[in-house]
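In: here's my sequence, what's the structure:
(one chain, ligands or ions: 1)
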Amino acid sequence: MQLGKEILYLSYADVAAVGPNMAETISIVEGAFRDKGQGVTQLPAKTALHPLDEDAFIHAMPAWVPSSRAAGVKWVSGYPLNQPKGLPYITGLLILNDPDTGIPIAVMDCAWITAQRTGAVSGLAARHLAPRGAKTAALLGAGVQGRTQVRALATEVKSLREVQVFDPRPEAAEALIAELGAEFPELSLLAAAGPAEAVRGADIVVSAGPILKHPHPIIEHGWLQPGCLGLPVDFDAMWTGAALHLDHYLVDDMGQYRFYEQQGFFSGAPEPAGDLGDLLAGRCRGRESDSERIISMNLGVAIADMPTARLVYDRALAAGKGRVLPL
Ligand SMILES: NC(=O)c1ccc[n+]([C@@H]2O[C@H](COP(=O)([O-])OP(=O)(O)OC[C@H]3O[C@@H](n4cnc5c(N)ncnc54)[C@H](O)[C@@H]3O)[C@@H](O)[C@H]2O)c1
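Out: Take a look at the predicted model:
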């Protein structure tokens, strides 16, 4: 590869072929959040377009993570109405830059990285905030993110034995159960009759349905048992304001959170105690008891994407994957 003359193009299949496994990805995102906790990352708020449909978004997500020398931008779309068309909700591209010269070195599909790192951030939150010996999880939303959420919990929470899966499309829950059941034979994956049946009694609750500007939240305060950890990846779409008022409320990045608050999200939520960078830097407390109910509201940050993309790029170069294109 000649810097300034060529870039590497990586398709979804190229990225998936060399991408880090879940345990590696959790370590990568932990490194990024440690950098963030030390104040050395650069993570401007997302720039958002909402063409034609207010629930659809196209986001520009730049970041610089010094410990992995990862600089770049993700241009990612989320279109809830793609599903009936047989198209993915999340699609996009990521541009990686050489940090020394600023020159672009790669363009790659970002859907695999987005799903993998979103799972990994939940895995990281579970590492630091899950109740001891967590055995059961609930998953609401059995789509692309749902899969990596379960992979991350199965990887990180060694005591996990059962996942109750609810999706209003029963065929989606069944497909996820069949796929992940083969991957994690030690896990009992069960289709729940409804969201309450999934959430009641769960040690960890993940929600991964569509993000909606005017949501119809379903998760009620009383469904959440003492000690549980809530991990929404779909903002407050499924959580009533009361359900967010537990004992401790964290976010992945305060700057992004404020940005979305200004847009009208999280109106019923409590004031966050801090973000995952603060937690890893010791500026914000973690879990203090087995009965505490905690939420980590992880909105998705580019500091999790860029180091993952940098590793994908390095491995793809070494493995001869992708296509070298003229710049
Ligand atoms: N926080 C982050 O970092 C991050 C990153 C990527 C995607 N996301 C968000 O994650 C969500 C899921 O994305 P995806 O790629 O998995 O989409 P997807 O379309 O593959 O899956 C979404 C699933 O949710 C189901 N669903 C719809 N309404 C539901 C309800 N009321 N209860 C339970 N399930 C319901 C759908 O049937 C579908 O199976 C989206 O909101 C997306 O914007 C967040």
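
In: dump the residue contacts of the spatially closest residue to F57 that is not a sequence neighbour.
Out: Among residues not flanking F57 along the chain, G78 sits closest, at 5.1 Å (CB to CB, 6 or more residues apart in numbering). Where C-beta positions appear, they are placed from N, C-alpha and C, glycine not excepted. Counting by CB atoms under 8 Å, 6 or more residues apart in numbering, G78 touches 56-57, 59, 89-90, 211.

In: please apply the same query to I28.
Out: So I28 contacts 20, 68, 117, 120, 304, 307-308, 311 (CB under 8 Å, 6+ apart).

In: contact residues of this structure facing the ligand?
Out: 78, 83, 89-90, 114, 118, 140-146, 166-169, 172, 208-211, 233-234, 298-300 (CB under 6 Å from any ligand atom).

In: if we use 5 Å, what do you get?
Out: Within the chain, the positions adjacent to the ligand are 78, 89-90, 118, 140-141, 143-145, 167, 169, 172, 208-211, 233-234, 300 by CB under 5 Å from any ligand atom.

In: in helices, which of those residues appear?
Out: Among the residues of the chain next to the ligand, the ones falling in helices (DSSP state H) are 118, 144-145, 172.

In: ok so, going back, include neighbour count, secondary structure and pLDDT when you put the contacts of I28 into JSON lines, please.
Out: Shown next, in JSON lines, are those (neighbours: other CB atoms under 10 Å; DSSP: H, G, I helix; E, B strand; the rest coil; pLDDT from 0 to 100):
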{"residue": "P20", "neighbour count": "19", "secondary structure": "coil", "pLDDT": "98"}
{"residue": "S68", "neighbour count": "20", "secondary structure": "helix", "pLDDT": "97"}
{"residue": "R117", "neighbour count": "32", "secondary structure": "helix", "pLDDT": "98"}
{"residue": "A120", "neighbour count": "29", "secondary structure": "helix", "pLDDT": "98"}
{"residue": "A304", "neighbour count": "33", "secondary structure": "helix", "pLDDT": "98"}
{"residue": "P307", "neighbour count": "26", "secondary structure": "helix", "pLDDT": "98"}
{"residue": "T308", "neighbour count": "28", "secondary structure": "helix", "pLDDT": "98"}
{"residue": "L311", "neighbour count": "19", "secondary structure": "helix", "pLDDT": "98"}
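
In: quick check, W223 in contact with A242.
Out: No: counting by CB atoms under 8 Å, W223 does not reach A242; the two are 10.4 Å apart.

In: more neighbours, these two?
Out: Neighbours of W223 and A242, each counted by other CB atoms under 10 Å, are more numerous for W223; the result is 20 against 14.

In: now do the more buried one, the pLDDT please.
Out: W223 is assigned 98 on the pLDDT scale.

In: OK, contacts around it?
Out: 196, 199-200, 243.

In: tell me which residue of the stretch 51-200 of the chain lies closest to the ligand.
Out: With CB to the nearest ligand atom, the shortest gap between the stretch 51-200 of the chain and the ligand falls at G143, namely 1.8 Å.
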